[in-house]
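**Student:** Here you go, sequence then predicted model.
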Amino acid sequence: MSRPTKAEIIKQMSDRQVTAQLVFTQLILLALALIISFFLFESYLADWLVLFHVSLAELFWFGLIPGLSILLIDFILMRTMPKRYYDDGGINEKVFRTRSIPSILWLTLLVAVSEEMLFRGVLHTEFGYVLASVLFAVMHIRYLNKPVLLISVLIVSFFIGYMFEMTGSLPVTILSHFVVDAVLGLWIRFGLWEGRTINAK
């Protein structure tokens, strides 16, 4: 008897179970960011406060505009490429297709905050741009057998990482990440992409 594939396991799970697993994972990433930074940062609270500096100009030019650019490229690729290249096994549809708008916004904000705090705030700050960007892509292990998705996530990771390299501001990368995930989550929720499974990062 063959073992069920990950896609088959996902299909057997309810929307609530998949979402609960996602939230649990994100809370672990957030806890890791706070715990690891406690040992690596010289001045724990002060270093975090520096990373959360923000200006409206940086939020616009290095957060919002890059986020919208990523979305535009994603939409062009999804319009021109076969659905199978962007099929993540149904995870994103399970998470977003039945959720309310506030729930989608809250969930995608949690993802953006937890992942950016760990990968940009801690790993990028302490170990550099390249390592943090590669690890961010590797974390999306469900894309390892989907070359288009994996390359897409890797490019986006380096792109958002470069915005952090330019500004040193976590609100900038959080905004960019949030814009991408929130719009794609809403796109799935309202079925605006002809039933396609869309690649939320």
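**Tutor:** Sure, I can see it.

**Student:** In the protein, where is pLDDT below threshold?
**Tutor:** Residues of the chain meeting the criterion pLDDT under 70: 1-8, 193-201.

**Student:** can you give me the helices in it?
**Tutor:** According to DSSP state H, the chain carries its helices in the segments 6-12, 15-40, 44-51, 56-58, 65-80, 91-96, 101-116, 125-127, 129-139, 147-167, 170-189.

**Student:** residues near residue 182, how many?
**Tutor:** With neighbours defined by other CB atoms under 10 Å, the count for residue 182 comes to 23. For the C-beta atoms, the positions are set from N, CA and C on the backbone; glycine is no exception.

**Student:** cool, and the one 4 residues further on?
**Tutor:** Neighbour count for residue 186, taken as other CB under 10 Å: 16.

**Student:** ok, now residue 85?
**Tutor:** Residues lying near residue 85 (other CB under 10 Å) number 15.

**Student:** Distance of it relative to residue 147?
**Tutor:** 8 Å (CB to CB, to the nearest Å).

**Student:** and if you look at residue 42?
**Tutor:** For residue 42 relative to residue 147 (CB to CB), the value is 41 Å.

**Student:** which one of the two has more residues nearby?
**Tutor:** Shown here are residue 42 and residue 147; by other CB under 10 Å, residue 147 has more neighbours (10 against 6).

**Student:** Against residue 91, how distant is that one?
**Tutor:** 17 Å.

**Student:** now swap in residue 168 and tell me
**Tutor:** Going from residue 168 to residue 91 by CB to CB gives 32 Å.

**Student:** try residue 82
**Tutor:** Residue 82 is 19 Å from residue 91, by CB to CB.

**Student:** so what's the nearest residue to residue 170 once chain neighbours are set aside up against?
**Tutor:** In space, and not counting its chain neighbours, residue 170 is closest to residue 51: 4.7 Å by CB to CB, 6 or more residues apart in numbering. Applying CB atoms under 8 Å, 6 or more residues apart in numbering, we find residue 51 in contact with 121, 125, 168-170.

**Student:** What is the most widely separated pair among those residues?
**Tutor:** Pairwise distances across these (CB to CB) peak at 11.7 Å, for the pair 125 and 169.
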